[in-house]
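>>> Show me how the following folds:
(3 chains)
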Amino acid sequence: MPELPEVERYRQLAEGAVGRTVSSVDAPDRWFLKEGADPVVLAAVLEGQAFTAARRIGKLLLMDTDSGPVVGIRFGMTGTLVVDGHQGVDQLLYAPRRHDPAWDRCAVHFADGGSMVVRDPRRLGGVTLDPDVSGLGPDAASITVAELGRAVARSQAPLKARLLDQSRVAGIGNLMGDEVLWRADLSPLRPAGSVSPSEVRRLHRHLGRVVADLLDRGGSHQGDLMEHRRPGGRCPRDGAELVRSTVGGRTSWWCPVHQG
DNA sequence: ATTGTGGCCTGCCCGC
DNA sequence: TGCGGGCAGGCCACAA
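Numbers count the residues shown, from 1 in each chain, chains lettered A, B, ... in the order given. Below is the predicted model of the structure:
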């Protein structure tokens, strides 16, 4: 599912859409357009204009435009970006393999004949105009130790719930959360505020490595823990049977032996 | 405020 | 063979 690594891929792909004149917008699914974005407004904003930059904050892709408004794209868990027929990620976990044209929820056509399409079978993503980004925490790819410390400080919530909270840290999803906690030897159930300064430093170090590894390997499902996140799965480090817990409303797999 | 829960959406997979 | 229920999780509304 699109977490930081996937959306960063999409951003890189979207850079290929920058500077090209938009000829038309095809957004047949009104439900997919959020917060005042509707087909007429979106067309008015984009047609005859061009994107000037592709940015990313957490899991949110931001496309700046000539005319000023910013197009925000969220991908939910099955959304992908397709630019000129090239899909951002080959295969998303939990997403169907076949293709249905109805899943193209929002398409921007360029005067040169190319296009940028948001494809989302399950419609959990969406397109917004001028999205409010003030509620997003520091991006997980560039967060500092001090920022990470503040993100978990004085909280009774489970550590993993805090890491998944996009207003605290932007970009960490369920799979990446499990991976970084597993590598950092920290239990997802620990009260976030109980994490010591040295543990915060360790968590920060591993977060950086996980982001780099997953970007390098091409997806949030490419972590070392991933294939073991299943009933009967064992910790690849010490062989203990992994425990499944629901944390922050999400399924978590973790090692009861080395994650404390 | 903080923290937890349920629902949204849809397709897939399992068991009957 | 078909069918129904459970599941996946990013994000949001809502409750305590």
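
>>> For chain A, which residues are neighbours of DNA strand B?
Proximity of chain A to DNA strand B is confined to A:31, A:94, A:96-98, A:100, A:121-124, A:155-158, A:161-162, A:193, A:248-249 under the rule C-beta under 7 Å from any atom of the strand. Using the backbone N, CA and C atoms, a C-beta is placed for each residue, glycine as well.

>>> Skipping its backbone neighbours, what lies nearest A:Ile73 in space?
Nearest in space to A:Ile73, with sequence neighbours left out and distances taken as C-beta to C-beta, 6 or more residues apart in numbering, is A:Leu61 at 4.3 Å.

>>> contacting residues for that neighbour?
Contacts for A:Leu61 were tallied using C-beta atoms under 8 Å, 6 or more residues apart in numbering; they are A:7, A:10-11, A:14, A:54-55, A:72-75, A:81.

>>> what about 6 Å?
With contact taken as C-beta atoms under 6 Å, 6 or more residues apart in numbering, A:Leu61 is in contact with A:7, A:10-11, A:73.

>>> For the stretch 101-250 of chain A, what lies in contact range of DNA strand C?
Contacts of the stretch 101-250 of chain A with DNA strand C, taken as C-beta under 7 Å from any atom of the strand, map to A:122, A:124, A:164, A:166, A:173-175, A:249-250.

>>> Tell me which of those fall in strands.
Of these, the ones assigned to strands by DSSP state E are A:Arg250.

>>> a strand runs through A:Arg209, doesn't it?
No - under DSSP: H, G, I helix; E, B strand; the rest coil, A:Arg209 sits outside any strand and is assigned helix.

>>> Now it. Nearest residue, chain neighbours left out?
Ranked by C-beta to C-beta, 6+ apart and with sequence neighbours excluded, the top spatial neighbour of A:Arg209 is A:Arg183, at 7.1 Å.

>>> What average pLDDT does the helix or strand where A:Asp178 lies get?
Taking DSSP states H and E as the definition, A:Asp178 sits inside helix A:174-183. Averaging pLDDT along helix A:174-183 gives 95.

>>> and which of the residues of the stretch 101-250 of chain A next to DNA strand C is nearest A:Ser134?
A:Gln166 (12.0 Å; C-beta to C-beta).

>>> show me what contacts that closest one?
A:58, A:136.

>>> again, 10 Å this time
Going by C-beta atoms under 10 Å, 6 or more residues apart in numbering, A:Gln166 touches A:57-60, A:135-137, A:140, A:172-173.

>>> Among those, name the buried ones.
Buried by 16 or more other C-beta atoms under 10 Å: A:57-60, A:136-137, A:140, A:172-173, out of the contacts of A:Gln166.

>>> Helices of chain A, residue ranges please.
With helices called from DSSP state H, chain A shows them at A:4-14, A:39-46, A:145-152, A:159-164, A:174-183, A:197-217.

>>> And the first one, what's buried?
Right, helix A:4-14. Buried residues in helix A:4-14 (16+ other C-beta under 10 Å): A:4-11, A:13-14.

>>> could you dump those to TSV with pLDDT and distance to A:Val200?
Formatted as TSV, those follow (pLDDT from 0 to 100; distance: C-beta to C-beta, whole Å):
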residue	pLDDT	distance to A:Val200
A:Leu4	95	19
A:Pro5	94	23
A:Glu6	94	26
A:Val7	94	25
A:Glu8	94	24
A:Arg9	93	28
A:Tyr10	94	30
A:Arg11	95	28
A:Leu13	95	34
A:Ala14	96	33
